[in-house]
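Undergrad: Give me a 3D structure for the following:
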Amino acid sequence: EQLFYRHFYNTVFSHPEYIAVPGGLDDEKVQRVFISLKYDNPRLLCLKNSYKLMTFGDLVFIRPDYTCSAKTCTERAQALTEKVFDLVSATAQMTDDVSKEIYLHDALVAGCGYDASNPGSNAYDALISGKAACGGYAMGMKLLLDAAGIRSAAVSGNAGTDGKFSPHMWLCVNADGFWYHLDPTWNDPVGAEKEIPVHAWFNASDREMKATHRDYTLPKSVKCNSVSADYYRKTGLYCDGDDNAAVIEAALKRAFSE
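TA: Numbers count the residues shown, from 1 in each chain. Take a look at the predicted model:
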């Protein structure tokens, strides 16, 4: 699997029609490598979420489905690199991971609008086109964090409220030595009068996330138990939206009782 992963990554940017699959890999293992490549590498802009396996005698090849030509992919990658450089450069004087993460998160969310009609969206869609679904938000955020030297991993599962859940993607982020959940899609207030980023799902713990996100498996050794870099604890705020009367009332009552 590791051999196939490296070979696929080193080959795919030239958009070959077929990529050789090492012997001994069944369909499940090929799919695992394919998904890992997509999740690990937000700069892979050209791959759709589908492929075909082709057999020629004893040889097996994967035939990827591409979203665009190799030329277009190169042009988009260059534009994306410049955008990421501009955003990450603004964090150069920040001394802690969370401050960088907040800046990059807010820039991404403020510049992108949710587009459910593009489920296969990627980092280019989120950061350049400004329209993406959850995959685009997650990959765009991961690309920014990668460039800022902050570790992260894409996570897929289901998310929803009132018993209605649907497939979703977000991130786990290692900020200042601890792992947290970060969901930039849900932090984008779709339909709000002022689409200013909120932070209800910014550096949340497993316990907090499981109220709305479920059916996910974290990478090995990743435990999201800390709350120290939760946005509200970090900034000393109780809320950051337009309609928070109930939250403010509860905070005042709690402060008064204490």
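Undergrad: Break down the protein into its helices, ranges please.
TA: 2-12, 27-40, 70-89, 97-111, 123-124, 134-147, 206-209, 231-235, 245-257 (DSSP state H).
Undergrad: Just the buried positions in stretch 137-149, please.
TA: 137, 138, 139, 140, 141, 142, 143, 144, 145, 146, 147, 148 (16 or more other Cβ atoms under 10 Å). The C-beta positions use only the backbone N, C-alpha and C, and glycine is treated the same way.
Undergrad: on that earlier part again, identify whichever of the helices of the chain lies nearest to residue 117.
TA: helix 134-147 (11.8 Å; Cβ to Cβ).
Undergrad: and the closest one, what's its mean pLDDT?
TA: Averaged across helix 134-147, pLDDT comes to 97.
Undergrad: got the contact list for that helix?
TA: By Cβ atoms under 8 Å, 6 or more residues apart in numbering, the surrounding residues in contact with helix 134-147 are 42-43, 80, 84-85, 87-88, 101, 104-105, 107-109, 112, 114-115, 118-123, 125-127, 132, 151-152, 154, 168-171, 173, 182, 184-185, 188.
Undergrad: give me that answer again for 6 Å
TA: For helix 134-147, contacts defined as Cβ atoms under 6 Å, 6 or more residues apart in numbering pick out 42, 84, 88, 104, 108, 121-123, 125-127, 152, 154, 168-171, 184-185.
Undergrad: and if you look at stretch 27-45?
TA: Taking Cβ under 6 Å, 6+ apart as the rule, stretch 27-45 contacts 1, 4-5, 8, 73, 76, 122-124, 139, 142-143, 154.
Undergrad: And for stretch 108-122?
TA: For stretch 108-122, the surrounding residues in contact (Cβ under 6 Å, 6+ apart) are 45, 48-49, 126, 130-133, 135-136, 139-141, 184, 187-188, 190, 197.
Undergrad: can you give me the end-to-end distance of it?
TA: Stretch 108-122 has an end-to-end distance of 13 Å (Cα to Cα, to the nearest Å).
Undergrad: same question, stretch 187-199
TA: Using Cα to Cα, the end-to-end distance of stretch 187-199 comes out at 6 Å.
Undergrad: coming back round to it: just the buried residues of stretch 137-149 now: which is nearest residue 92?
TA: Ranked by distance to residue 92 (Cβ to Cβ), those are led by residue 148 at 9.4 Å.
Undergrad: dump the residue contacts of the closest one.
TA: Listed by Cβ under 6 Å, 6+ apart, the contact partners of residue 148 are 88, 91, 100.
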